[in-house]
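K.L.:
below: sequence and its predicted model.
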Amino acid sequence: MKHRAWYALLVLPFFGTLIPSIYNRIEPALFGLPFFYWYQLVWVVITTVLLGIVVIATRKPDDV
């Protein structure tokens with residue numbers, strides 16, 4: 001039961017991309033990519049890191 005709180009981290013990417021009006025713009029561009037695209041790409045990396053944290057934190061000692 002105590003591991004269940006770790007799953008709350010997986011809600012962050014959902015809220016980070018929930019309202020497109022927050023990131024629906026061109027500036028600031030990064031390496032020529034409009035903000036709209038690189039913002040979403042950053043969330044892919046953040047989601048990967050968060051998922052890794054949740055997997056490690058919720059792993060049981062007998063899991064391989």
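P.N.:
Sure thing, it's come through.
K.L.:
how far does stretch 56-63 stretch from one end to the other?
P.N.:
Chord length of stretch 56-63, first to last residue, is 11 Å (CA to CA, to the nearest Å).
K.L.:
tell me the average confidence for it?
P.N.:
Mean pLDDT, computed over stretch 56-63, is 83.
K.L.:
for it, buried residues please.
P.N.:
Buried residues in stretch 56-63, defined by neighbour count with 16 or more other CB atoms under 10 Å: none. The way it works is simple: take the backbone N, C-alpha and C, and place the C-beta from them, glycine included.
K.L.:
what does stretch 2-13 give?
P.N.:
Buried-residue list, stretch 2-13, by 16+ other CB under 10 Å: residue 13.
K.L.:
what does it contact?
P.N.:
Applying CB atoms under 8 Å, 6 or more residues apart in numbering, the contact partners of stretch 2-13 are 43, 46-47, 50-51, 53-54, 57-58.
K.L.:
now do stretch 57-64
P.N.:
If you take CB under 8 Å, 6+ apart as the criterion, stretch 57-64 is touched by 3, 6-7.
K.L.:
tell me the confidence at the residue nearest the centre of the chain?
P.N.:
With distances taken as CA atoms, centre = their mean, residue 47 lies nearest the centre of the chain, 2.8 Å away. Listed pLDDT for residue 47 reads 97.
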